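> no sequence on this one, just coordinates:
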């Protein structure tokens, strides 16, 4: 994944995924573009999952600290 993708905000990644899905649903992509967009979507999904996991871990740590 490129550095730009690593630095993209969660909201931006979700928005980009929504754009890709919309183009797919509207048959706006040719076969070559579809393959590229699916690869991009996979990267964006992984990025979103990673960000959510990291945020969840941080929240659990903070809650654990406050309980002590």
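That came through fine. Only a predicted model underlies this, so the values are computations on that prediction, with no experimental measurement involved.

> distance check, residue 49 against residue 24.
For residue 49, the distance to residue 24 equals 20 Å [C-beta to C-beta, to the nearest Å]. In short, each C-beta sits where N, CA and C put it, glycine included.

> tell me the contacts of residue 44?
Taking C-beta atoms under 8 Å, 6 or more residues apart in numbering as the criterion, residue 44 is in contact with 5, 8, 13, 16, 17, 20.

> name the residues of the longest helix along the chain that are buried.
Longest helix in the chain by number of residues, with DSSP state H as the criterion: helix 31-67. Of all the residues in helix 31-67, those buried under the rule 16 or more other C-beta atoms under 10 Å are 37, 41, 43, 44, 47, 48.

> same thing with stretch 11-30?
By neighbour count on 16+ other C-beta under 10 Å, the buried set for stretch 11-30 is 13, 16, 17, 20.

> now, which of those residues sits nearest residue 28?
Among the buried residues of stretch 11-30, residue 20 lies closest to residue 28 (C-beta to C-beta), at 10.0 Å.

> right, and that closest one touches residue 37 too?
Yes - using C-beta atoms under 8 Å, residue 20 is in contact with residue 37, at 4.9 Å.

> circling back: wait, which of the contacts of residue 44 is closest to residue 64?
Nearest to residue 64 among these, with distances taken as C-beta to C-beta, is residue 13, at 27.9 Å.

> and the closest residue to that closest one other than its chain neighbours, how far from residue 11?
Leaving out its chain neighbours, the residue that sits closest to residue 13 by C-beta to C-beta, 6 or more residues apart in numbering is residue 44, at 4.7 Å. Residue 44 sits 12 Å away from residue 11, going by C-beta to C-beta.

> quick one: low-confidence residue ranges for the protein.
For the chain, the stretches with pLDDT under 70 are 1-6, 66-68.

> rerun that using 50 as the cut-off
Scanning the chain for pLDDT under 50 picks out the ranges 1.
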